[in-house]
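> No letters, just coordinates:
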């Protein structure tokens with residue numbers, strides 16, 4: 001079974017819209033874990049418009065995260081010195097390197113691992129020397145995945161927006177590039193994660209089609225579903241989607 005890491009950025013967005021601490025982001029993380037999530041993901045941005053750096057420091061103290069029972073994944077652009085310093089301070093289970101611009105609304109592309117090879121080698125080495133697993137956000141392009149292996153990263157996270165966008169048109173066509181990319185990752189001994197716009201309609205087919213998938217990070221769709229079905233039900237629903245049904 002692939003692991004489900006719940007991205008709680010949207011809970012922080014709701015809190016920040018009114019100030020104060022309602023909803024409580026740390027409690028939400030604890031509850032997601034209690035309801036069955038295998039991990040918690042956060043993506044702090046320079047303007048702290050959702051997850052704050054102080055949130056990250058508090059989340060890492062959660063007992064199930066602190067003792068290593070539950071994974072903690074921090075996403076972000078390592079070109080920001082503040083981000084690198086935070087990751088090295090907190091020492092999460094995994095850091096996912098994402099090439100976001102500072103004011104970008106949401107992630108919309110992966111790294112050019114060919115062009116950025118030297119930089120990614122350097123920053124990956126810094127994090128791995130600190131004992132942190134590294135994943136690189138990447139488009140499902142075979143040469144990009146192959147080049148990622150040369151950076152020293154442990155994993156790649158396939159950027160799944162194109163899959164999600166085309167799933168209802170032709171699911172087999174939508175998944176084709178991801179199957180090829182997954183095969184290249186396996187050939188190069190790279191672990192495989194995935195994320196972006198995965199939801200309760202397209203997740204199971206993705207999981208069935210990518211047999212070596214280790215982890216999915218899901219935030220927006222899961223939190224939106226929780227408005228209707230409740231957080232506990234939704235975490236367990238998404239977990240069930242990450243099983244093979246005959």
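Received the coordinates, thanks. As the structure is a prediction and not an experimental result, all values here were calculated from the model.
> Next, residue 98: phi, psi?
Main-chain dihedrals, residue 98, degrees, to the nearest 10: phi -130, psi 130.
> The residue most central in space within the chain: what's it in contact with?
Nearest to the geometric centre of the chain sits residue 217, at 3.9 Å (Cα atoms, centre = their mean). Listed by Cβ atoms under 8 Å, 6 or more residues apart in numbering, the contact partners of residue 217 are 5-7, 39, 41, 73, 75, 96, 157, 193-195. C-beta: built from backbone N, CA, C; applies to glycine.
> And residue 207, by the same measure?
2, 213, 216, 241-242, 244.
> if you set the cut-off to 6 Å instead, what comes out?
Residue 207 sits next to 2, 213, 242 when contact means Cβ atoms under 6 Å, 6 or more residues apart in numbering.
> Flag the shaky bits of this protein, pLDDT-wise.
Confidence mapping of the chain against pLDDT under 70 gives the ranges 101-108, 245-246.
> Which parts of it are helices?
For the chain, helices defined by DSSP state H occupy the ranges 9-16, 25-34, 53-59, 63-66, 81-90, 117-129, 142-148, 161-166, 171-187, 203-209, 220-229, 231-241.
> What is the neighbour count of residue 172?
Residue 172 is flanked by 10 other residues according to other Cβ atoms under 10 Å.
> What of residue 34?
Quick note: residue 34 (other Cβ under 10 Å) scores 12 neighbours.
> Residue 179 now?
Counted with other Cβ under 10 Å, residue 179 comes out at 14.
> so what's it closest to, chain neighbours aside?
Once flanking residues are discounted, residue 179 sits nearest to residue 209: 5.9 Å by Cβ to Cβ, 6 or more residues apart in numbering.
> Of the contacts of residue 217, just say which sits nearest to residue 85.
Among the contacts of residue 217, residue 75 lies closest to residue 85 (Cβ to Cβ), at 15.7 Å.
> if I read this right, that closest one contacts residue 100, doesn't it?
No. Residue 75 is not in contact with residue 100 according to Cβ atoms under 6 Å; the separation is 8.7 Å.
> what about these two, which has more around it?
Legend: neighbour count by other Cβ under 10 Å for residue 75 and residue 100, higher for residue 75 (28 against 21).
> Which strand residues bridge the more buried one?
Beta-bridge pairing for residue 75 (DSSP bridges): residue 96.
> how far away is it from residue 136?
Separation of residue 75 from residue 136 (Cβ to Cβ, to the nearest Å) stands at 11 Å.
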